[in-house]
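Just the structure for this:
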Amino acid sequence: MTKSYLLPLLVLSLMANPVWGDEEKRPNVLVICIDDLRPEMKCYGADHMLTPHMDRLAGKGVAFDRCYVQVAVCNPSRASTWTGLRPNRLGVWTLSVHFRESMPNALTLPQHLRDSGYAAEGYGKVFHNPWPDPRSWDKPHQWGGKSYTNYSPEQKTFHENKRKTFPEGSRIREILRGVITNDPDIPDEQHSDGALTLKAINRLKALGSKDKPFLLMVGYTLPHLPWAPPKNWWDKYDRATIPMPTNPAPPEGAPEVALGTNYELSHYADMTHMPTPASGTLPEEETRRLRHAYFASVSFIDAQVGKLLDAIESQNLDEDTIVVLWSDHGYKLGEHNGWSKMTNYEIDTRIPFIIYDPRAKANGKRCNRLVESLDLFPTICELTSSPVPESLQGKSAAHLLDNPEANHIDAAFSQYIWKPLIGNAIRTDRWRYVEWREMKDGTVRHRELYDHESDPGENQNVVSDHPKIVAQLEKKLQTVLPSKKITLLPRIHSAKGGEEIKFNWKNSYDGALKLSWINTRGERAETINLKKGDTHDGSTTVGQVIVIESIDGKYHEIVSIDADTRKLNLGSIKSDAGLQ
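Numbers count the residues shown, from 1 in each chain. I've put the predicted structure just below:
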């Protein structure tokens, strides 16, 4: 016997905005996603940065100066942006849970545009790395295919020797990565992000030659760690003269939980000594090395952006294609004595955000209105004359492309979890207010308030000086992020224990399938791939949940194992849980 979860459909009511007509050609959309990119490019006032192509895009389109993500972490930021749902509703705040386990029938932006008449394809890091979400694409998602690190034999030996210095069974020994920086003397195309550009350009040409409008999403991994762009990009910066962080101290009066831990860097073989913001500071030489690596990585990715822009122009698609540049969060490079992301501060939640629509009246101008990353889904819907699902929680910013001074939202919201607390933040025109609450019952443990009028770097917590402002901001924050019990366990998860059973499963689907075992925490713990007609022998336990999805995105099933589940024809299951 096979049991399947009965999954309620996500009901989508459509607003009365116009749907496309045959007489009007709908624009193509290219979305460029860049991981860990903070708004430190020349077009954002950073004269020391070499970013001519992102600057060029900003000069053509509208650059947003104050756009904020919902969570300054890769997976939840991307899940929220591409579903148009806040983490509080979607149920994804951390790296470890796929949004399909939290809300199995959530609608993504590429899914919706496909339903609205678009071809949709994804390349590189669009969703979080391990989970490309086949249901979102017309064709199986693709990566660049080359090395991301290009480590030398000596670097690999150093990594292995370092790993052996930690006790067997220790977590650091299991997860330790190679060195954090590398400058391989290779052409751009030998780096995975460079190879990705070539694949994306080929698809851009193919898609542009068809009558059907397209959504092409291209996701670059750099400047995410490790920083290993080709040597040529390192050589463009003088390490001795690159600017150092202007506010290297933690904010005065901030609770320690608000500062982060810098733990992401400590996973690398040459950075296991990485201190927390509260326990120590890197020496200047090391700070310069890491900042140099980040800047070189940004310039390398800038060159890839330039190649995509050149391809659009060479294919005469420039007047028919909307181009969006977006990052999943900001990044600290020693500011607040912190490194990486994972806080509620301005430097982590604010992102570069640029939209070029050839029809826009304000092209070449800047917009200083508050905007949320959540707004991107409805904005693209409006710009492509696609229906806007009422379930979306963002607000279209399309009107700002014609009038950057028009009214939009009066606050942006972000969250970050560091168990047992959740930090909820509100950013208004002048203030950033953060409250840290117990996940179990919503009790407030810490409060922060920063005045951007006098302290744009958020270096002084002035919460005790402005009780009336705090009361007002807390009330507004509660309307969007109400205090409640927070559980990180998604609805799709396995039960503990259970009888061990052996099974033989066969792929009867007309295509390849991916099977993902979901553990008791709702995480995808193990994945196997089955080609058409393949069988798989193994063992599992009663109560185990397995997600089955086709690589072509047309089939999706969630199966709960019981004592009778021994033979199963995958791909031929019929239930209410099947793909709509």
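
where does Asn424 fall, helix, sheet strand or coil?
strand (DSSP: H, G, I helix; E, B strand; the rest coil).

I figured it hits Arg432, correct?
No: between Asn424 and Arg432 there is no contact under C-beta atoms under 8 Å: 11.6 Å. C-beta: built from backbone N, CA, C; applies to glycine.

Give me the buried stretch members for the helix or strand harbouring Leu370, please.
Under the criterion of DSSP states H and E, Leu370 resides in strand 366-372. The neighbour-count check on strand 366-372 (16 or more other C-beta atoms under 10 Å) flags 367, 369-372 as buried.

okay, and the common contacts of Asn424 and Arg432?
Counting by C-beta atoms under 8 Å, 6 or more residues apart in numbering, the residues touching both Asn424 and Arg432 are Asn344.

which residues does Ile322 contact?
When contacts are counted by C-beta under 8 Å, 6+ apart, Ile322 touches 27-30, 355-358, 380, 383-384.

Buried ones from those residues, can you make that a ChimeraX selection?
A single ChimeraX command suffices to select whichever of the contacts of Ile322 are buried according to 16+ other C-beta under 10 Å:
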select :27,28,29,30,355,356,357,380,383,384
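
what's the closest of the contacts of Ile322 to Thr108?
Distances from Thr108 to those, taken as C-beta to C-beta, are shortest for Ile380 (11.7 Å).

Need the contact partners of the strand or helix carrying that closest one.
Element membership of Ile380, judged by DSSP H and E, is helix 376-383. With C-beta under 8 Å, 6+ apart as the test, helix 376-383 has contacts from 17, 27, 29, 31, 81-84, 109, 112-113, 116, 215, 322, 324, 326, 353, 355, 357, 386-389, 392, 394-398, 401.

Please tell me I have it right and Ser136 contacts Thr108.
Yes: counting by C-beta under 8 Å, Ser136 does reach Thr108; the two are 4.7 Å apart.

which residues do the two both contact?
Joint contacts of Ser136 and Thr108 (C-beta under 8 Å, 6+ apart) are Trp82.

Looking at the contacts of helix 376-383, which are in helices?
81-83, 109, 112-113 (DSSP state H).

tell me which of those is nearest to Phe300?
Taking the ones in helices among the contacts of helix 376-383 together and measuring to Phe300 by C-beta to C-beta, the closest member is Thr81, at 23.9 Å.

ok, that closest one - contacts?
69-70, 109, 326, 328, 373-374, 376-377.

Among those residues, which one sits closest to Arg56?
Trp326 (16.7 Å).

Could you measure from the closest one over to Asp133?
Separation of Trp326 from Asp133 (C-beta to C-beta, to the nearest Å) stands at 17 Å.

Likewise for Pro387?
Taking C-beta to C-beta, one finds Pro387 at 21 Å from Asp133.

ok, these two, which is more surrounded?
The neighbour comparison of Pro387 against Asp133 (other C-beta atoms under 10 Å) goes to Asp133, with 24 against 19.

what kind of secondary structure is Arg173 in?
helix.

ok, back up a step: where strands are concerned, which of the contacts of Ile322 count?
Judged by DSSP state E, the contacts of Ile322 include 28-30, 355-356 as members of strands.

and which of the residues you listed is nearest His466?
Minimum distance to His466 across the ones in strands among the contacts of Ile322 is 35.0 Å, recorded for Ile355 (C-beta to C-beta).

Quick check: that closest one vs Glu448, distance?
31 Å.

ok, back up a step: can you show me the CA trace of the strand holding Leu370 as PDB?
Output in PDB follows, covering the C-alpha atoms of strand 366-372 (Å, rounded to 0.1, in the frame of the first residue of the first chain):
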ATOM      1  CA  ARG A 366      17.900  56.500  -9.700                       C
ATOM      2  CA  CYS A 367      15.100  55.600  -7.300                       C
ATOM      3  CA  ASN A 368      15.600  56.200  -3.600                       C
ATOM      4  CA  ARG A 369      12.200  54.800  -2.500                       C
ATOM      5  CA  LEU A 370      12.100  51.900  -0.100                       C
ATOM      6  CA  VAL A 371      11.600  48.600  -2.100                       C
ATOM      7  CA  GLU A 372      11.600  45.000  -1.000                       C
END
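
got the angle between it and helix 376-383?
When axes from the mean of the first three to the mean of the last three C-alpha atoms, to 10 degrees is applied, the directions of strand 366-372 and helix 376-383 differ by 120 degrees.

Quick one: list the elements packing against the longest helix anywhere in the chain.
The longest helix of the chain (DSSP H) is helix 284-314. For helix 284-314, the elements it packs on are strand 28-34, helix 52-60, helix 192-208, strand 214-220, helix 231-234, strand 321-327, strand 332-333, judged by 3 or more C-beta pairs under 8 Å, 6 or more residues apart in numbering; DSSP states H and E.

Now the ones you listed in a markdown table, please, with extra columns for mean pLDDT and distance to Gly498.
Output for those, formatted as a markdown table (pLDDT from 0 to 100; distance: least, C-beta to C-beta, whole Å):
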| stretch | mean pLDDT | distance to Gly498 |
| --- | --- | --- |
| strand 28-34 | 98 | 40 |
| helix 52-60 | 98 | 52 |
| helix 192-208 | 97 | 40 |
| strand 214-220 | 98 | 38 |
| helix 231-234 | 98 | 52 |
| strand 321-327 | 98 | 43 |
| strand 332-333 | 98 | 44 |
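
nearest to Gly306, of the ones you listed?
helix 52-60 (3.2 Å).

contact partners of that closest one?
Taking C-beta under 8 Å, 6+ apart as the rule, helix 52-60 contacts 41-44, 302-303, 305-306, 309, 323, 325, 352, 354, 356, 363-364.

same thing but at 10 Å, please
By C-beta atoms under 10 Å, 6 or more residues apart in numbering, the residues outside helix 52-60 that reach it are 32, 34, 37, 41-44, 49, 51, 63-64, 298-299, 301-310, 318, 323-325, 352, 354-358, 360, 363-366.

Below-threshold pLDDT in the stretch 251-400 of the chain: ranges please.
Regions of the stretch 251-400 of the chain meeting the criterion pLDDT under 70 are absent.

how close does Val31 get to Leu198?
Distance from Val31 to Leu198, by C-beta to C-beta: 18 Å.

typo on my end, it should be Val62
29 Å.

The two - which one has more neighbours?
Higher neighbour count among Val62 and Leu198: Val62, with 23 against 17, using other C-beta under 10 Å.

Quick check, that one in contact with Arg359.
No: using C-beta atoms under 10 Å as the test, Val62 is too far from Arg359 to be in contact (11.9 Å).

In terms of helices and strands, where is the nearest residue to Thr261 once chain neighbours are set aside?
Computed as C-beta to C-beta, 6 or more residues apart in numbering, the closest residue to Thr261 that is not its neighbour in sequence is Thr276, at 5.1 Å. With elements delineated by DSSP H and E, Thr276 resides in a region that no helix or strand encompasses.

Sounds good, over and out.
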